[in-house]
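Participant: what follows is a predicted structure for the sequence shown.
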Amino acid sequence: MEIIRNPQDMQDQALKWRAAGQRIVLVPTMGFFHQGHLSLMEYGRKVGDCLVVSLFVNPTQFGPQEDLAQYPRDFDRDCELAQQIGVDVLFVPEAESMYPPGYQTYVTVEEVTQGLCGACRPTHFRGVTTVVLKLFNLVQPQIAVFGEKDYQQLITIQRLVVDLNLPLAVVGRPIVREADGLAMSSRNLYLNPTERQTALCLYRAGQAAQKLVAGGEVARERIMAVVQQLLNHSPETIIDYMALVDPSTLAEIDTVRGAARLALAVRIGQTRLIDNFLLEESRS
């Protein structure tokens with residue numbers, strides 16, 4: 001595995017691969033790998049010739065009071081795990097090389113970023129879309145792989161690619177969960193043992209909603225009443241948002257017609273956790 005730090009070197013290598021007819025797959029990450037990240041890399045290894053994993057804790061997607069400085073990092077461990085998967089290049093740029101002095105260009109995807117995480121993190125998605133477009137330009141992938149845990153991010157990047165006519169496919173891959181159902185996340189490290197148990201309210205709420213819809217319940221009001229009750233089970237949990245949305249547009253819906261996404265965000269102690277669940281009507 002090669003480690004590339006200079007953006008120009010990354011682009012030069014990518015252009016050589018493209019000229020040779022190689023199929024490039026990109027998995028963008030902020031590092032501190034867990035099995036969720038590794039599952040994306042494993043998929044990328046199967047569908048492409050050259051697998052690039054970017055490791056970049058992107059400062060422009062963090063707000064002033066967010067955890068940029070505290071975000072967990074373990075470069076040596078990440079390198080070892082990526083090499084075990086068979087990653088060809090680990091692209092690890094410095095912030096100064098991605099945003100040099102005088103940098104002033106940003107990318108905004110408007111409608112799908114307004115609600116959910118976009119409502120409480122108003123500058124977040126501008127930072128995400130900007131860095132992802134830069135990565136697309138530097139790595140030149142034909143396929144980019146994202147996890148469905150950050151579902152709004154996935155839909156936003158898919159919208160970016162469609163709207164700007166970018167010649168690549170954005171693939172979403174299923175959430176990877178711990179044995180007890182908690183969605184894997186680098187921020188789970190912040191939870192103490194009591195908070196870790198409390199965090200299971202997200203999975204329980206999602207499961208309950210899935211069961212309700214599969215059993216024939218389609219009304220938002222009744223589904224969300226059950227979800228809220230389960231999220232409020234512990235006094236340590238503060239609901240950031242809970243939303244029932246169209247899977248493609250992320251617009252709020254009142255009635256499930258075929259399928260919907262339940263999107264959740266809670267704060268437990270000092271940690272903000274997100275999760276989402278596909279709700280599907282029974283076809284029987």
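Facilitator: That came in fine, so what should we check first?
Participant: now Leu133: which helix or strand?
Facilitator: Counting by DSSP states H and E, the element that carries Leu133 is helix 124-139.
Participant: hang on, I meant Val170
Facilitator: strand 169-173.
Participant: now that strand: buried residues?
Facilitator: Within strand 169-173, the residues that qualify as buried are Val170, Val171, Gly172, Arg173, counting by 16 or more other C-beta atoms under 10 Å. In this view, the C-beta of every residue, glycine as well, is placed from N, C-alpha and C.
Participant: quick one: mean pLDDT over it.
Facilitator: The predicted model assigns strand 169-173 a mean pLDDT of 98.
Participant: and Ile268, what are its bridge partners?
Facilitator: Judged by DSSP bridges, the bridge partners of Ile268 are Thr237, Thr271.
Participant: pretty sure it contacts Glu236?
Facilitator: Yes - counting by C-beta atoms under 8 Å, Glu236 is a contact partner of Ile268 at 5.7 Å.
Participant: in three-state terms, label Arg261 for me.
Facilitator: strand (DSSP: H, G, I helix; E, B strand; the rest coil).
Participant: tell me the bridge partners for it.
Facilitator: Residues in beta-bridge contact with Arg261 (DSSP bridges): Val245, Leu278.
Participant: what about it, how many residues nearby?
Facilitator: Other residues lying near Arg261 total 21 when counted by other C-beta atoms under 10 Å.
Participant: per-residue pLDDT of it, please?
Facilitator: What the model reports for Arg261 is a pLDDT of 98.
Participant: OK, contacts around it?
Facilitator: Each residue near Arg261 by C-beta atoms under 8 Å, 6 or more residues apart in numbering is listed here: Tyr151, Leu244, Val245, Asp246, Pro247, Leu250, Asn276, Phe277, Leu278, Leu279.
Participant: now for the second one: which residues touch it?
Facilitator: Spelled out, it's Leu244. Neighbouring residues of Leu244 by C-beta under 8 Å, 6+ apart: Arg220, Ile223, Met224, Glu252, Ile253, Val256, Ala260, Arg261, Leu262, Ala263, Leu279.
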